[in-house]
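> Build me a model:
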Amino acid sequence: MKPTDSEMEILQILWTQGDSSVRRVHELLNKKDVGYTSTLKLMQIMFEKGMVSRDTSSKTHIYKALLSKEQTQHQFLDKMIDTVYNGSTARLVMQALGNQRASKEEIDLIKAYLDNLENA
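This next block holds a predicted model:
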């Protein structure tokens, strides 16, 4: 199941902050044009879709992400490689490195990762 952009924003908050109330998620969204009830409705829809669980044992309902960050990132990356880069991982990597300035530490990590791939 592929989350929408709005659902991804909520999942990002739940992944970084952990289990949270709708109020907390709404505060962290920092969207002035979106009301609390819109955030609540979206989180209820995400619950119905099975993206989040909801603890209703207290007055304040607490939501928890059921989709793993890694699995979701993997799905988005696979789709992007297929649709935007015609299945070419090399094009994606070259584009990413060309668009963003990588630090020496990041370049060293990339080199080590490539060395491990070659030696595997």
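> Check which helices and strands the strand or helix carrying residue 76 sits against.
Assigned by DSSP states H and E, residue 76 belongs to helix 69-84. Applying 3 or more CB pairs under 8 Å, 6 or more residues apart in numbering; DSSP states H and E, we find helix 69-84 packed against helix 5-17, helix 89-99. C-beta: built from backbone N, CA, C; applies to glycine.
> Now do the SS call for residue 58.
The three-state label given to residue 58 by DSSP: H, G, I helix; E, B strand; the rest coil is coil.
> Relative to residue 18, how far out is it?
16 Å (CB to CB, to the nearest Å).
> Just after the lowest-mean-pLDDT helix or strand in the chain, pick out the following helix or strand.
Counting by mean pLDDT, DSSP states H and E, the chain has its least confident helix or strand at helix 89-99, which shows a mean of 85. As assigned by DSSP H and E, the chain's next helix or strand after helix 89-99 is helix 104-119.
> follow-up on the earlier one: between residue 58 and residue 18, which one's more packed in?
Shown here are residue 58 and residue 18; by other CB atoms under 10 Å, residue 18 has more neighbours (11 against 8).
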